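Engineer: sharing a model prediction with you, sequence too.
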Amino acid sequence: MLLTREAAASLLKRTLLLSRGTEARAVLIATSDSHTRFALSGITSSGESHDQRMTIVISAGSRRGAVTTNAADPRGIEKAVREAEDLAKLSPEDPEYVPEERAKEVSDVLAYFDETAEWGAGGRAEAAARAIDAAAKVHGSASGFARTRESLLAVATTKGFLASHRETLATFSTTIRSSDGTGSGWEGREENRISAIEPSHLASAAAETAARSARPADLDPGSYAAVLGPDAVAALLPFLLLSLDARLAEEGRSFLSKPGGGDRRGERLFGENITLVSDPSDIMLSSAPFSADGVKREKRTWIRAGVVSELSCSRSWAARRGGRPGGGISTALLLGGGSSVEEMIASTGRGLLIRRLRYVNMLEPGRLLLTGVTRDGTFLIERGQVTRPVRDLRFQDTLPSILSSVEMMGVPRRTPGEPVIAVPPMKVTALTFTRTAEGG
Amino acid sequence: MRDLADLALDAARAAGASYADVRVNRYRREEISAREDRVQEITREESSGVGLRCLVDGAWGFAGARESDPGEIPRLARVACEMARANRAGLSRRVSLAPEPRHLDAWQTPMTKDPFKVALERKIDLLLAINSEALAVKGASFVTSFLRSFAEEVYFASTDGSHVDQQITRLWPGFTVVARDLATGDFTSRDSDIPPAQRGYEYLEGIDLAAAAARAAEQAAASLHADPAEPGVLDLVIAPGNLWLLLHESIGRPTQIDRALGYEAGADGGSFISPGDLGTLRFGGDLMNVTADRTMPGGLATVGYDDEGVTAGSWPLVRGGLLVDGQTTREQASWIAQASSKGCASADSWGSPPLQRMPNVSLEPSLDEASLEDLIAGVDKGLYVEGLGPFSVDASRSNFMIGSGWARLISKGRLGAPVRGAAYRAGTLEFWRSLDRLGGEGTWGGGGTFNDLKGEPGQAAASSHGCPAARFRGVRVVNTGSPGAGARRTGSR
């Protein structure tokens, strides 16, 4: 059983009392994970594990040491406290030292649901069976993953900050391959509530994509209009989030650095339909309303109508430059529009329908130039209709270019993985492909 | 440890397991990071726990819990066996384990200086010296450095009667130097090529890290003002600090038998190889010999025994250019009609069930002792590549694009000016078949990673890859987008 918030608070306070430093912070992370994997239409493994880790950060003046332990007994935690004290004494003075956070009001975010915590091995096996059944209907094979996670994050400082957050997370994903292995479809969801995930529905959609993407044809490299599903958009977004960093921008090593010094806040760098926000209390993205270093996370608008309006700031950089510390960007919502994927396809004379991108990597951070390959269903659109599957393609383009050519957007949805993001499907007028992924 | 392991195995049998194995693990980690003239962070972490894997009616179940509390063991056994029973109806193939002799043994990383016993001040001084040397180079603007030390104590036991006690120590030093031109908003970076290793602190005493950082700083500064790489088809001479990643991605991953059969389709993809290719697929020319090795001195994936108690060994993957073998666990050996496991089972934590993981995979050097200069001398128009830049690989590992950390033109057998943004891309087989000469032992080097992700939930594994410098003919060189100094800013469009 996951620790209660009250028990966590009590444990943190007892831990801080052990500290003999000038100030201290204790961070407790407890997790309970269960999973089932399946592949080639059979269950291959399943497991569960439970852990509870305490990190103690101790300061001696501006010297600091941090030790993490998963010891269960009080002696183990006290040993970690003493070791952190020793590290702090041995550490050099830190010119960027900032004091720990003081007491502040942090609103609760509802993210823990018993229904998810109670989803057991039987339920996961049943979900796998639904995917295996769907694959059988197209004479294909199913692989995938079902998981639940209960977690607790609690933070306390000797300056009076105390906050805790419990959440559940359910994940289900399946890849279905066509009978000849040339077609592939993937669907996946991650939600706080297991009831928000419908394995049968997802498996049917993956099976349909697998069947339709079989026997793909080659397509010449070039620039194509592209309809990107949410999972494809989600593969691009983390690179934008990483670049929204105030220190990197000011130091001249970011896409957001201004030649001659300073940053590009206030400039329109993306299309007017691009707005990016973070809000841990958003019901679609419920997550901890504070960070492990005790920074309260509030609603932030990073990009408003294509203009970069805010940049993420660490505590030390905020202290030096007067910004608002954000504890990193842990959630992000890219606002969408009212178009359906079908409408996007119908409006496209010639282009591509892309379900997923993989191995996306930054080629040049100064321009947010990315590359990656399409995966699990890539289709040619001609005269408003999906006409045939094509082999996976390698794209190479800049994020500002992509996000300045968004013609239509749909309703955002949460996508699996970290950071916690929700993005809409979108149609972009041009995406550059350099070659087929299969070719030499 | 032994008593606890025996307790777990007895509990597993009582709960109905036909086979069980248990790992009682303790992990320690220390990380020190520095930026310019200050220490950023000093952290230590310790994690202990028990992982129990049970086989019931041909189905696996696994349960793990922190610490080694004997009172918790019967519950773990019940949970693991109940989980296995819940999975029985969904099996497509019952688990069958290849036989393995019983082992009663202990093994540890050969080393003379335990990095956890080296004074903290000494490690801090090392990082600050790295940063100082790098920043002394004209044009270097920022530098970050780190030293990560890892220790694993793994006690393995199984109902087959094995009890194996192992202690593994690994080190990972690294740095990144950035050169920027504030006026133009342009910047470049160069990462360290120093490989992580399964060694004691003496490893670091044998390397001049500060000199390596100064060289990286010079390269970052030179790249900032270099011309962009011209796209085209060129001959390449690739240094080990770049080539090792290709061994990892294009040979190490595809020859994992579970991946080749489609078992990783739901995670990070499959392989362009099928088991039927073993013994028939021509990977490259006669000079190409690739070896999988879990006994390589200093290799990150080196062990005495794997996480199924199988003795570590080495075996050929590619011989004379022909693909001859793959990587397996005890469960997977029968999938390719082999009688025994290759010993590739590994778990990244006491809380994770073992998966098939990559051994150290290395390309054998030439016996003719060819030097780097010999390789370059044979190129009329080409590119010399070292260090890693950005890279991307397709889902079946049949195609890749690998960037460079540092690249120079080769003209008429001589090294020329540096170029910026150079990368090469190719189909995997096309690339390896274009290998025309290998360097000798004198060019030997390599690299490794701690972050090889596989499976769901994703598990990290560590492996090393040794190789000589090598020459490839007619490879497609691309520019990863850098238009060159002063012309980079395009703004929005």
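Structural biologist: Structure's in. What do you need?
Engineer: spit out the contact partners of the closest residue to chain B within the stretch 51-200 of chain A.
Structural biologist: Residue nearest to chain B within the stretch 51-200 of chain A: A:Ser143 (3.4 Å; CB to the nearest CB). C-beta: built from backbone N, CA, C; applies to glycine. By CB atoms under 8 Å, 6 or more residues apart in numbering or on different chains, the residues touching A:Ser143 are A:38-40, A:174-177, B:262-267.
Engineer: what's the helix or strand for it?
Structural biologist: Remark: A:Ser143 resides in strand A:141-157, with elements defined by DSSP states H and E.
Engineer: quick check: next helix or strand after that strand?
Structural biologist: strand A:162-177.
Engineer: going by contacts, tell me the helices and strands next to that following strand.
Structural biologist: helix A:5-17, helix A:114-117, helix A:121-137, strand A:141-157, strand A:184-191, helix A:199-212 (3 or more CB pairs under 8 Å, 6 or more residues apart in numbering or on different chains; DSSP states H and E).
Engineer: tell me how far the first one lies from the chain's centre.
Structural biologist: What it means is helix A:5-17. 29 Å (CA atoms, centre = their mean, to the nearest Å).
Engineer: now swap in stretch B:13-28 and tell me
Structural biologist: 27 Å.
Engineer: what is the neighbour count of A:Gly61?
Structural biologist: By other CB atoms under 10 Å in any protein chain shown, 14 other residues sit near A:Gly61.
Engineer: phi, psi of it?
Structural biologist: Here is the backbone geometry of A:Gly61 (degrees, to the nearest 10): phi 70, psi -130.
Engineer: that one and A:Ala88, how far apart?
Structural biologist: 9 Å (CB to CB, to the nearest Å).
Engineer: in the stretch 201-350 of chain A, what residue lies closest to chain B?
Structural biologist: For the stretch 201-350 of chain A, CB to the nearest CB, closest residue to chain B: A:Pro259, 3.7 Å.
Engineer: sec struct for that residue, please.
Structural biologist: coil (DSSP: H, G, I helix; E, B strand; the rest coil).
Engineer: my guess is it meets B:Phe187, correct?
Structural biologist: No. Taking contacts as CB atoms under 8 Å, A:Pro259 lies outside contact range of B:Phe187: 11.1 Å.
Engineer: settle it for me: which of these two has more neighbours?
Structural biologist: A side-by-side neighbour count of A:Pro259 and B:Phe187, using other CB under 10 Å, places B:Phe187 first with 25 against 16.
Engineer: I'd like the helices and strands packed on strand A:162-177 as TSV, with mean pLDDT appended.
Structural biologist: Listed next are those as TSV, based on pLDDT from 0 to 100:
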stretch	mean pLDDT
helix A:5-17	97
helix A:114-117	97
helix A:121-137	96
strand A:141-157	97
strand A:184-191	97
helix A:199-212	98
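Engineer: among those, which is nearest A:Lys296?
Structural biologist: strand A:141-157 (10.5 Å; CB to CB).
Engineer: adjacent strands (with direction) for the closest one?
Structural biologist: strand A:23-39 (antiparallel), strand A:162-177 (antiparallel) (DSSP bridges).
Engineer: I'd like the distance from the first one to the chain centre, please.
Structural biologist: Right, strand A:23-39. On CA atoms, centre = their mean, the centre of strand A:23-39 falls 16 Å from that of its chain.
Engineer: nearest residue to the residue in chain A positioned nearest to chain B other than its sequence neighbours?
Structural biologist: Nearest residue of chain A to chain B (CB to the nearest CB) works out as A:Gly42 at 2.5 Å. Counting by CB to CB, 6 or more residues apart in numbering or on different chains, B:Ser92 is the residue found nearest to A:Gly42 once chain neighbours are left out, at 2.5 Å.
Engineer: residues near that neighbour, how many?
Structural biologist: 14.
Engineer: surely it touches A:Ser41?
Structural biologist: Yes. B:Ser92 lies in contact with A:Ser41 (CB under 8 Å); the separation is 5.3 Å.
Engineer: tell me the residues of the stretch 101-250 of chain A that contact chain B?
Structural biologist: Contact residues, the stretch 101-250 of chain A versus chain B (CB under 8 Å from any CB of the partner chain): A:120-122, A:124-125, A:128-129, A:132, A:141, A:143-145, A:147, A:173-175, A:177, A:181, A:184, A:186.
Engineer: weed out the non-buried ones from those residues.
Structural biologist: A:120-121, A:124-125, A:128-129, A:132, A:141, A:143-145, A:147, A:173-175, A:177, A:184, A:186 (16 or more other CB atoms under 10 Å in any protein chain shown).
Engineer: identify the bridge partners of residue 149.
Structural biologist: All of this is about chain A. Beta-bridge partners, per DSSP bridges, of A:Arg149: A:Asp33, A:Leu169.
Engineer: correction: the question concerned chain B.
Structural biologist: Residues in beta-bridge contact with B:Ser149 (DSSP bridges): B:Glu30, B:Leu171.
Engineer: how far away is it from A:Leu393?
Structural biologist: Taking CB to CB, one finds B:Ser149 at 43 Å from A:Leu393.
Engineer: do the same with B:Ala179
Structural biologist: Distance from B:Ala179 to A:Leu393, by CB to CB: 34 Å.
Engineer: quick revisit: most neighbours among the contacts of A:Ser143, which one?
Structural biologist: A:Ile176 (35 neighbours).
Engineer: show the contacting residues for it.
Structural biologist: A:131, A:134-135, A:138, A:140-143, A:184-186, A:203, A:206-207, A:209-210.
Engineer: repeat that for B:Ile273.
Structural biologist: B:254-255, B:260, B:281, B:323, B:326.
Engineer: mind doing that once more with 6 Å?
Structural biologist: For B:Ile273, the contact set (CB atoms under 6 Å, 6 or more residues apart in numbering or on different chains) comprises B:254, B:260.
Engineer: report the distance from stretch B:71-81 to the chain centre.
Structural biologist: The answer for stretch B:71-81 is 34 Å, by CA atoms, centre = their mean.
Engineer: contacts for it, please.
Structural biologist: Against stretch B:71-81 from outside (CB under 6 Å, 6+ apart): B:7-8, B:11-12, B:15-17, B:52, B:54, B:56, B:61-63, B:65.
Engineer: narrow those residues to those in strands?
Structural biologist: Among those, the ones falling in strands (DSSP state E) are B:52, B:54, B:56, B:61-63, B:65.
Engineer: hang on, B:Glu331 in a strand?
Structural biologist: No. Looking at B:Glu331 with three-state DSSP, it is coil, so not inside a strand.
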